[in-house]
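A.B. asks: Return a 3D structure for these sequence lines:
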Amino acid sequence: EVHLVESGGALVQPGGSLRLSCAASGFTFSSCVMTWVRQTPGKGLEWISAVNEDGDTAIYADSVKGRYTISRDNAKNTVYLQMNGLKPEDTAVYYCGSDVLARSYWGRGTQVTVSS
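C.D. replies: Down below sits the predicted model:
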């Protein structure tokens, strides 16, 4: 059974940093593209970033480009999202996900709140 568990969310001041983690199990992690999205009540679901199977290619939404960095450790079955220069508008629940055998899986999310 596929499991994705996000962690690392917290309350942080504007300009601060956080690193989110997503631990995966139940599938061949190293064979799957991994994705981060976020959801806010006002904006809905927003795609943030994705990283390829080897971790050597990453893409980002314009809203986070230059501030966020996605990475993965295939030995640990974990994908990360390093978030720097956080802004109040980055406040959201962050989810990691992947398509496994043509089906999309998502974790339960981790709350990030950026506020002074």
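
A.B. asks: What residues does residue 2 make contact with?
C.D. replies: Contacts here follow C-beta atoms under 8 Å, 6 or more residues apart in numbering; on that basis residue 2 touches 24, 25, 26, 27, 98, 100, 105. Just so you know, the C-beta spots here come from the backbone N, C-alpha and C atoms, and that holds for glycine as well.

A.B. asks: go with 6 Å
C.D. replies: Residue 2 makes contact with 26, 27, 100, 105, according to C-beta atoms under 6 Å, 6 or more residues apart in numbering.

A.B. asks: what about the strands in the chain?
C.D. replies: Under the criterion DSSP state E, the chain carries strands at the ranges 3-7, 11-12, 18-25, 34-40, 44-51, 58-60, 68-73, 78-83, 92-100, 103-106, 110-114.

A.B. asks: Return the set of residues that bridge with the residue most central in space within the chain.
C.D. replies: The geometric centre of the chain, computed from its C-alpha atoms, lies nearest to residue 36 (C-alpha atoms, centre = their mean), at 3.3 Å. Residues in a beta bridge with residue 36, per DSSP bridges, are residue 49, residue 96.
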